[in-house]
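Enquirer: Let's see this in three dimensions:
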Amino acid sequence: MRRIETHAAAVFLAGERAYKVKRAVRFPFLDYSTLAQRKAACDAELAVNRLSAPEIYLRVVAITRAHGRLALGGSGEPVEWAVEMRRFDESATLDRLADRGKIDASLANALARAVVLAHARAPLAGAEPWIEMLARVIAQNDTEFRETPEIFPESAAAALARECSAALDRVRPLLRARGAQGLVRRGHGDLHLGNIALIGGRPVLFDAIEFDPLIASGDVLHDLAFLLMDLSERGLRQAANILLNRYLVEAGRDSNLDALAALPLFMSVRAAIRAKVTAARLENVSATERAAITARAQSYFQFARDLITPPAPRLIAIGGLSGTGKSALARALAPDLLPIPGAVLLRSDIERKILFGVGETARLPPEAYSAETTRKVYATLAGNARRILAAGHSAIVDAVFAAPEERAAIAEIGGPHFQGLFLIADIDTRLARVRNRSGDASEADARIARQQDSYDLGAMEWTKIDASGTPEGTLQRVRGALAW
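Expert: A predicted model of the protein is given here:
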């Protein structure tokens, strides 16, 4: 049997089972000082975690004493309580997979779907108490940073607190409105990579906060922000960008685009908490460990500062006939665009499917491609791009943009922060690409690709990009052509 200690629990690993026993401790944020409180905490942990991880969380079991002997689930008097869990491969938590470079696009997409499902199941929570708690967290972070000026410079800590408080003041009405829309929920509360495991080929969320419903509550994007910060801080920007974009599509962009305005604050607060928690590990460590832990804490602190002061957003439109590689380029380019975690992707093929209420790979009837429907799709792309920019976030719009008026309309939205790219490839290359597509939202086939070859594109004011080679080559040419 192996024993793992945390600040509030001891976990005993025995064969295929793990038993988590609450410690008799009292902190400002939790109280496990009585047996009844520990039993209630075990019951709460089972309840909140079975929503996302029923395959892990099995039951609450008594540790009993009879005739001077302890037993698990015996008939004697309960002297303690434990949460019984099914063990899983500890090397399959997402933080360890990230360390090994194993979080690919497929896993990032699956992770987003798992979070969307968890949020859909989560009960509603009050917005106002959570907003006030967020203000207290910002103040507490500031207080704790100021206690260790040798790690966190006092002027920098003061600036971070000011900027976070100002950001909260700006988005407070938005957060209240989202609460009224049912988007403040009792979520996981501690949703970082170490609390997600790959089990049976799918990500499973575990170890949700049970000791305080208020701490576990928040805007759904606040819950997501921990993962976005965690991935981005590790340099896994593509995975973070995929996570954001898949979440927005699956959860519904209409309800979340405006809330991107709060994402820098949410991620910054998460990074700041990581900074102070990391610094708290400095007690009773060796000099070698002290240097490494200090550097890690300072890295999180600087990341929190970077996140709360994001740069101006950008709008890129990628046009081109079918088979020129617009969507592949958009996905590859999106992580590069600041603010973190990269641009929101808007794709005409996806918007058309959303307009008709079908899945991304479902086939649409011919009337879905009428001129009137196409105008609606482009109007939706423009409207969403405007909302994203207004929220302070960057966007990439991916559509054919064959008509000069379509190109002019999207360029007007971006203003001085806009760049239009038009991909060019010969007909044989385009035909080969559309024939090789599978599982994609686009329904363009060889017939459509040939038909598009006769389009009159008009005067092309966008930057033309040779897209006849590899996707990597196209990406490099685009990076060289961008004016910023």
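
Enquirer: for the stretch 101-250 of the chain, which spans come out with low pLDDT?
Expert: By pLDDT under 70, the stretch 101-250 of the chain contains no weakly predicted segment.

Enquirer: ranges for the helices of it?
Expert: According to DSSP state H, counting those that start in this stretch, the stretch 101-250 of the chain carries its helices in the segments 105-121, 127-146, 154-180, 213-216, 220-233, 237-251.

Enquirer: Please identify which of those is closest to Gly319.
Expert: If you check each of the helices of the stretch 101-250 of the chain against Gly319 by C-beta to C-beta, helix 237-251 wins as the nearest, at 19.6 Å. Where C-beta positions appear, they are placed from N, C-alpha and C, glycine not excepted.

Enquirer: Could you give the separation of the helix or strand where Ala379 lies from the chain centroid?
Expert: Taking DSSP states H and E as the definition, Ala379 sits inside helix 371-390. For helix 371-390, the distance from its own C-alpha centre to the chain's C-alpha centre is 24 Å (C-alpha atoms, centre = their mean, to the nearest Å).

Enquirer: quick one: buried residues of that helix?
Expert: Neighbour-count burial for helix 371-390 flags Thr374, Val377, Tyr378, Thr380, Leu381, Ala382, Asn384, Ala385, Arg386, Arg387, Ile388, Leu389 (criterion: 16 or more other C-beta atoms under 10 Å).

Enquirer: quick one on the thing from earlier: any chance of the helices of the stretch 101-250 of the chain in JSON lines with mean neighbour count as columns?
Expert: Converted to JSON lines, these look like this (neighbours: other C-beta atoms under 10 Å):
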{"stretch": "helix 105-121", "mean neighbour count": "18"}
{"stretch": "helix 127-146", "mean neighbour count": "17"}
{"stretch": "helix 154-180", "mean neighbour count": "17"}
{"stretch": "helix 213-216", "mean neighbour count": "18"}
{"stretch": "helix 220-233", "mean neighbour count": "26"}
{"stretch": "helix 237-251", "mean neighbour count": "24"}
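
Enquirer: possible to save these as CSV with distance to Val397?
Expert: Shown next, in CSV, are the helices of the stretch 101-250 of the chain (distance: least, C-beta to C-beta, whole Å):
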stretch, distance to Val397
helix 105-121, 21
helix 127-146, 32
helix 154-180, 24
helix 213-216, 37
helix 220-233, 22
helix 237-251, 13
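
Enquirer: I'd like to know how far Leu111 sits from Arg170.
Expert: 29 Å (C-beta to C-beta, to the nearest Å).

Enquirer: In this structure, which residue sits furthest out from the middle?
Expert: What lies farthest from the middle of the chain is His67; by C-alpha atoms, centre = their mean that is 52.5 Å.

Enquirer: Chain neighbours aside, what residue packs nearest to it?
Expert: Spatial nearest neighbour of His67, excluding adjacent residues (C-beta to C-beta, 6 or more residues apart in numbering): Gly76 at 7.7 Å.

Enquirer: Any idea which of the helices of the stretch 101-250 of the chain gets closest to Ala409?
Expert: Between the helices of the stretch 101-250 of the chain, helix 237-251 lies closest to Ala409; by C-beta to C-beta that is 22.4 Å.

Enquirer: Which residues does the next helix or strand after the helix holding Ala379 contact?
Expert: The element immediately downstream of helix 371-390 (helix or strand, assigned by DSSP H and E) is strand 395-398. Here strand 395-398 makes contact (C-beta atoms under 8 Å, 6 or more residues apart in numbering) with 313-318, 326-327, 330, 333-334, 337, 343-348, 381, 384-385, 388-389, 410.

Enquirer: Kindly report the same for stretch 6-17.
Expert: 1-4, 18-23, 25, 27, 30, 32, 82, 84-87, 211.

Enquirer: Closest one to Ala177 out of the buried residues of helix 371-390, please.
Expert: Arg387 (14.1 Å).

Enquirer: from what I can see that closest one touches Asp258, true?
Expert: Yes: counting by C-beta atoms under 8 Å, Asp258 is a contact partner of Arg387 at 6.0 Å.

Enquirer: relative orientation of the helix or strand containing Ser327 and helix 105-121 in degrees?
Expert: Ser327 is located in helix 326-333, with elements delineated by DSSP H and E. Using axes from the mean of the first three to the mean of the last three C-alpha atoms, to 10 degrees, the inter-axis angle of helix 326-333 relative to helix 105-121 is 80 degrees.

Enquirer: who does helix 326-333 touch, helix- and strand-wise?
Expert: strand 315-320, strand 344-347, strand 395-398, strand 418-424, helix 471-481 (3 or more C-beta pairs under 8 Å, 6 or more residues apart in numbering; DSSP states H and E).

Enquirer: Looking at these, which is nearest to Gln181?
Expert: strand 344-347 (19.5 Å).

Enquirer: Can you tell me what sits against the closest one?
Expert: 244-245, 248, 257, 260, 327, 330-331, 334, 381, 384-385, 388, 393-399, 441.

Enquirer: cool, and stretch 196-209?
Expert: By C-beta under 8 Å, 6+ apart, stretch 196-209 touches 45, 48-49, 52-53, 55-57, 88-89, 92-94, 97, 107, 110-111, 114-115, 118, 187-191, 195, 215-216.

Enquirer: can you pull the contacts of Gln37?
Expert: Contacts of Gln37 by C-beta under 8 Å, 6+ apart are Asp31.

Enquirer: please redo it, this time with the cut-off set to 10 Å
Expert: Lys22, Ala24, Arg26, Leu30, Asp31, Phe211 (C-beta atoms under 10 Å, 6 or more residues apart in numbering).

Enquirer: Number of residues surrounding the last one?
Expert: For Phe211, the tally of surrounding residues (other C-beta atoms under 10 Å) stands at 19.
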